[in-house]
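Enquirer: coordinates for the following, if possible.
(one chain, ligands or ions: 1)
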Amino acid sequence: MNDRFAVVGAGTMGIGIAYVAAGAGYQVDVVEADAERARAVPDLLAQRWAKAVAQGRLSQDEAEANRSRVTVLRQIAEIDMEPDVIVEAVPERPDLKRTVLAEAESRAPALLASNTSSLPIGTLAAPLARPERFIGLHFFNPVWAMALVEIVVGPATAAETTDTAVALAKRLGKEPVVVRDMPGFATSRLGVMLGLEAIRMVEDGVASPADIDKAMVLGYRHPVGPLELTDLVGLDVRLDIARTLHAAYGERFAPPPLLESMVAQGRLGRKVGHGFYRWTDGVRSDG
Ligand code: NAD
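Expert: Residues are numbered from 1 along each chain as shown. Below you'll find the predicted structure:
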């Protein structure tokens, strides 16, 4: 153990994973291929730490110490050799993930993980020389607030790797559940099904997005309705997952045309300010 952690991809999830890893005392390398996004990473993290300080959850000194542990890189080849862990958090595209994972493996991490929401770990492991060290570490959005990490054990994952992943999740302050390697695991398979059906209900004109969400919040005690959650996750992210699950399980996961057309129009949810709702500074308004 050398307390070195790397995350590849600094999108919604990579930023959150870097935040909790720095908070757990790791030296964190964040690898982001997009130049503009890479420039934004320090500010995005600083905003999050400022909020934690304002809420009294961290002291200014702790926030500063966490900040000083994060380095932003542009290429996987810049990660120091033999870190404790590398987590891949690039978009949900199998070929992209396989390429990134093979490159990440060349940095010889003790543990190599994917934050995939739906892709089988066994298929992502295909190009790896040491698939026994590879596992799914499925974090939830927003990572700083969500307690769960779903640990997905691939067909070649060693028992020792699972133990290491469970210990890592606990060190990051998370509750692990260990699941079998099936498309969509335990969470996405159920959660995306609910989201897709809610979108089909909007298509059918059953009710407005706000009322469908309100019905699930007040009637079923969901903390967030399925359409607002789709906005928070990202419509593009959910579409990628739906396509994977459609291929694996058939028509019940067919992406609704409304989801396809909203993604084509760039209505990707909160991260762009517009999805099923409008978003301004993280605050929702209808339409
Ligand atoms: P995102 O699109 O917000 O971020 C992906 C980032 O990866 C982008 O900043 C992109 O520039 C970067 N990237 C792409 N190729 C790269 C490369 N070769 N090297 C370095 N960086 C690269 O995506 P996200 O929402 O953070 O999702 C990432 C993964 O996490 C996906 O597999 C997704 O299914 C999963 N996931 C997402 C959520 C969610 O709520 N958004 C929740 C759990 C899991």
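Enquirer: contacts, neighbours, all on C-alpha from now
Expert: OK.
Enquirer: just the strands in the stretch 151-287 of the chain please.
Expert: 175-180, 277-280, 283-286 (DSSP state E, counting those that start in this stretch).
Enquirer: next secondary structure after the helix or strand that contains Ala50?
Expert: Assigned by DSSP states H and E, Ala50 belongs to helix 35-54. Sequence order places helix 60-68 as the next helix or strand after helix 35-54, per DSSP H and E.
Enquirer: quick check: which ranges of this protein have low pLDDT?
Expert: Scanning the chain for pLDDT under 70 picks out the ranges 287.
Enquirer: which residues of it lie near the ligand?
Expert: Residues of the chain found near the ligand (Cα under 6 Å from any ligand atom) are 8-14, 31-34, 89-92, 100, 115-117, 138-141, 233-234, 237.
Enquirer: in ChimeraX, how would I select just the buried ones from the residues you listed?
Expert: Applying 16 or more other Cα atoms under 10 Å to the residues of the chain next to the ligand, the buried members can be selected in ChimeraX as follows:
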select :8,9,10,11,12,13,14,31,32,89,90,91,92,100,115,116,117,138,139,140,141,233,234,237
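Enquirer: out of the residues of the chain next to the ligand, which sit inside strands?
Expert: 8, 31, 138-139 (DSSP state E).
Enquirer: residues in contact with Leu172?
Expert: Going by Cα atoms under 8 Å, 6 or more residues apart in numbering, Leu172 touches 20-21, 23-24.
Enquirer: if you set the cut-off to 6 Å instead, what comes out?
Expert: Ala24 (Cα atoms under 6 Å, 6 or more residues apart in numbering).
Enquirer: any idea how far Gly14 is from it?
Expert: Leu172 is 14 Å from Gly14, where distance means Cα to Cα, to the nearest Å.
Enquirer: now do the helix holding Ala50 and helix 60-68, the angle between them.
Expert: Between helix 35-54 and helix 60-68, the angle comes out at 160 degrees (axes from the mean of the first three to the mean of the last three Cα atoms, to 10 degrees).
Enquirer: CA-only coordinates of helix 35-54 in CSV, if you can.
Expert: Extracted C-alpha coordinates of helix 35-54, given in CSV (Å, rounded to 0.1, in the frame of the first residue of the first chain):
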residue,chain,number,x,y,z
ALA,A,35,-8.4,20.0,-22.1
GLU,A,36,-11.3,22.4,-21.1
ARG,A,37,-12.7,19.9,-18.6
ALA,A,38,-9.2,19.2,-17.2
ARG,A,39,-8.7,23.0,-16.6
ALA,A,40,-12.1,23.1,-14.8
VAL,A,41,-11.3,20.2,-12.4
PRO,A,42,-9.5,22.1,-9.6
ASP,A,43,-12.3,24.7,-9.4
LEU,A,44,-15.0,22.0,-9.4
LEU,A,45,-13.3,20.3,-6.5
ALA,A,46,-12.6,23.6,-4.7
GLN,A,47,-16.3,24.5,-4.9
ARG,A,48,-17.3,21.1,-3.4
TRP,A,49,-14.8,21.6,-0.5
ALA,A,50,-15.9,25.1,0.1
LYS,A,51,-19.5,23.8,0.4
ALA,A,52,-18.4,21.1,2.9
VAL,A,53,-16.6,23.8,5.0
ALA,A,54,-19.6,26.1,4.9
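Enquirer: hmm, who's touching it?
Expert: Residues contacting helix 35-54 (Cα under 6 Å, 6+ apart): 32, 58-59, 63.
Enquirer: before we move on, what about stretch 115-132?
Expert: Counting by Cα under 6 Å, 6+ apart, 88-89, 98, 102, 137-138, 154-158, 181-184, 241 sit against stretch 115-132.
Enquirer: the ligand: which of those residues is nearest?
Expert: Checking the contacts of stretch 115-132 against the ligand with Cα to the nearest ligand atom, the nearest one is Ala89 at 4.3 Å.
Enquirer: was I right to think that closest one contacts Ala6?
Expert: No - at 10.4 Å, Ala89 does not count as touching Ala6 under the criterion of Cα atoms under 6 Å.
Enquirer: what's the burial count for Leu218?
Expert: 12 (other Cα atoms under 10 Å).
Enquirer: kindly apply the preceding question to His274 instead.
Expert: 20.
Enquirer: please name the bridge partners of it.
Expert: Taking DSSP bridges, one finds Gly269, Arg278 as the beta-bridge partners of His274.
Enquirer: just to revisit the earlier point, out of the strands of the stretch 151-287 of the chain, which is the most enclosed?
Expert: Each of the strands of the stretch 151-287 of the chain was scored by mean neighbour count; the highest is strand 277-280, a mean of 18, by mean count of other Cα atoms under 10 Å.
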